[in-house]
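Trainee: Structure for the following, please:
(one chain, ligands or ions: 1)
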Amino acid sequence: MLKANNISGGYDTTPILKNISFSVSKGKFLGILGPNGCGKSTLLKIISGLLKPTSGNVLIDEVDINKYTSRQLAQKMTVLPQLHTAAFSSTVRETVSIGRYPHQSGFFSSWSNEDEHSVMKAMEQTAVKKFEHTFIEYLSGGEKQRVFIAQALAQSSDLLLLDEPTNHLDIAHQKQILDMIRKEVTDNGLTVVSVFHDINLASLYCDELLLMEKGTVRAFGEPHEVLIEHQIKDVYEARISLQAHPEQPKPQMTILPDVKKEASEKKVLRDHIKIKEEYVELKLNFPLRVLSSAVHNAGLGWYSNFINRTVKADYNIDKVKEEFLQYLLDEGFSPTNTVGMMTAVDTKNAVIKQYNASFGDVFVIVTAGIGNAIDVSQAYKHEDSLHIGTINTWVVINGKLSDEAFVQAMMTATEAKTKALQQEKVYDFRSNSIATSTPTDSLLVAATQQGPLMQYGGPITDVGKVIGRGVFEATKEAIQIYRKGD
Ligand SMILES: Nc1ncnc2c1ncn2[C@@H]1O[C@H](COP(=O)(O)OP(=O)(O)OP(=O)(O)O)[C@@H](O)[C@H]1O
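Mentor: Numbering: from 1, shown residues only. Have a look, this model is predicted:
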């Protein structure tokens with residue numbers, strides 16, 4: 001559909017672009033990325049024919065753009081530049097209708113049904129129909145931007161060139177416009193080339209990305225091929241981190257600010273852990289990085305408060321999320337800053353152990369209810385519903401763990417717990433074999449993220465050794481306490 005061959009060019013004697021080549025197939029969405037001044041808009045101007053390249057050429061449908069008349073070119077492609085102003089005072093409807101000019105055959109040509117349909121559809125798609133008779137100068141920046149997008153869509157060409165289409169738009173309208181453009185690409189075969197400043201939006205919506213650096217192509221390919229951490233850091237000269245998007249297989253970027261670290265040391269002490277009547281509590285005035293399978297705020301996050309709450313054995317678990325949230329509010333915990341677990345074990349039976357490691361102290365806190373213990377390898381043979389009868393384990397580390405170390409710490413802790421069950425001869429009475437867990441065990445690994453980075457958390461690492469020993473010893477003790485109370 002669009003092909004750029006070895007384009008070089010710029011303004012008068014200033015060369016900006018050097019040897020840029022790429023192609024976009026019909027029905028694809030290409031995003032152009034790069035830092036300020038790298039030549040994104042200049043490239044768009046050359047592709048659209050507004051600026052002549054000093055060498056190289058641009059083909060649309062295999063034909064050099066210079067071979068098209070300006071009317072033919074306007075029917076082939078629509079350009080929405082970065083900065084646009086209405087030439088004279090006009091209504092939204094009149095502004096959008098300008099998009100139809102390339103389809104009019106002469107000065108007195110009449111307004112066709114197709115023209116009317118295209119203008120109405122474009123106004124509806126961009127949600128500006130309600131402003132149809134309003135003068136454009138009375139609209140907000142974001143509303144104006146949507147009107148110009150409507151004008152571009154009304155032109156009904158096969159190729160749409162956009163320069164930062166979501167400029168001025170709030171997140172709902174960014175989503176609305178990009179969803180709509182994406183739909184035109186996927187359903188109707190529209191081809192789109194767009195400059196983006198927002199790397200995450202480009203990654204989410206584009207099929208391919210072109211990353212520019214100082215007038216050249218640094219990378220071209222699918223988002224996961226272009227958005228590579230060191231490459232983005234290098235080109236934008238900014239510290240960033242890439243993560244997976246929660247729903248789409250598209251990388252997403254987070255800026256890592258270079259703010260000065262607070263001077264105060266963040267250290268978890270034994271005094272921070274308290275056994276109260278209804279829960280075991282760890283309350284801090286700084287957050288820990290946490291990975292957990294808790295009832296409230298499971299997953300990966302940063303939290304300052306932690307509770308392991310004792311509930312009655314007949315607790316109704318059907319509405320556990322709502323009930324737990326209300327409990328946190330009633331007890332004065334911030335729901336967005338608290339991780340919560342539940343157990344039927346009395347809080348006075350909680351085992352708290354402290355280990356002094358080379359990198360800092362590690363705390364292991366366990367409550368063990370083993371009435372429901374199960375052998376994971378035999379579980380498929382039995383029908384079972386969820387009960388409160390569970391082993392809850394917290395591992396709180398004064399140290400800095402990588403993501404790998406967090407996951408390995410979870411594995412190490414689980415293995416140590418299973419070994420404790422084995423040594424204590426905890427049985428699964430359904431299958432009459434040694435149990436490996438209960439069906440509802442919960443685990444939390446939390447770290448201050450201060451001090452030297454610990455890359456791994458397996459059994460032979462410094463942190464893994466403490467976790468292995470600590471969880472084994474604390475679980476054994478908690479099981480013995482539970483049995484005494486039987
Ligand atoms: N009309 C012009 N005459 C001379 N130089 C220009 C002109 N327009 C842009 N430039 C220069 O060309 C270079 C590339 O500009 P361009 O607008 O293509 O960058 P960009 O990547 O789109 O930047 P931004 O992200 O800031 O919009 C810049 O150094 C700019 O100053």
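Trainee: Spit out the contact partners of the closest residue to residue 413 other than its chain neighbours.
Mentor: Counting by CB to CB, 6 or more residues apart in numbering, residue 413 lies nearest to residue 471, which is 4.6 Å off, once chain neighbours are set aside. From N, CA and C alone the C-beta is placed, and that goes for glycine too. The contact partners of residue 471, by CB atoms under 8 Å, 6 or more residues apart in numbering, come to 364, 366, 393, 395, 412-413, 416-417, 420.
Trainee: and which of these is nearest to the ligand?
Mentor: Using CB to the nearest ligand atom, residue 395 is the member of the contacts of residue 471 that sits closest to the ligand, with 46.3 Å.
Trainee: Now do the same contact list for the closest one.
Mentor: Counted by CB under 8 Å, 6+ apart, residue 395 has contacts 362-364, 409, 413, 443-446, 467, 470-471.
Trainee: Strands - which of those residues land there?
Mentor: 362-364, 443-446 (DSSP state E).
Trainee: Including distance to the ligand and neighbour count, could these go into a markdown table?
Mentor: Output for the ones in strands among the contacts of residue 395, formatted as a markdown table (distance: CB to the nearest ligand atom, whole Å; neighbours: other CB atoms under 10 Å):
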| residue | distance to the ligand | neighbour count |
| --- | --- | --- |
| 362 | 48 | 24 |
| 363 | 49 | 22 |
| 364 | 52 | 25 |
| 443 | 46 | 22 |
| 444 | 44 | 25 |
| 445 | 42 | 26 |
| 446 | 41 | 26 |
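Trainee: can you list those in CSV and add pLDDT?
Mentor: As requested, the ones in strands among the contacts of residue 395 are arranged in CSV below (pLDDT from 0 to 100):
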residue, pLDDT
362, 98
363, 98
364, 98
443, 98
444, 98
445, 98
446, 98
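Trainee: Quick one: these as CSV, columns for distance to residue 339 too.
Mentor: Shown next, in CSV, are those (distance: CB to CB, whole Å):
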residue, distance to residue 339
362, 18
363, 15
364, 16
443, 11
444, 6
445, 11
446, 8
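Trainee: what's the helix or strand for the residue lying closest to residue 33 once chain neighbours are set aside?
Mentor: Nearest-residue entry for residue 33: residue 211, 5.0 Å, with adjacent residues in sequence omitted and distances by CB to CB, 6+ apart. Taking DSSP states H and E as the definition, one finds residue 211 inside strand 208-213.
Trainee: Could you pull up the mean pLDDT of that strand?
Mentor: For strand 208-213, mean pLDDT is 97.
Trainee: Could you chop the protein up by domain?
Mentor: 2-227, 270-485 (automatic domain parsing).
Trainee: and the ones you listed, which one is worst for confidence?
Mentor: Taking the mean pLDDT of the domains of the chain, domain 2-227 comes last: a mean of 89.
Trainee: Spell out which parts of this protein neighbour the ligand.
Mentor: Proximity of the chain to the ligand, by CB under 6 Å from any ligand atom, involves residues 11, 14, 16, 34, 36-42.
Trainee: Format the residues you listed as TSV; extra columns: distance to residue 26.
Mentor: Shown next, in TSV, are the residues of the chain next to the ligand (distance: CB to CB, whole Å):
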residue	distance to residue 26
11	31
14	34
16	28
34	25
36	31
37	31
38	27
39	25
40	22
41	24
42	25
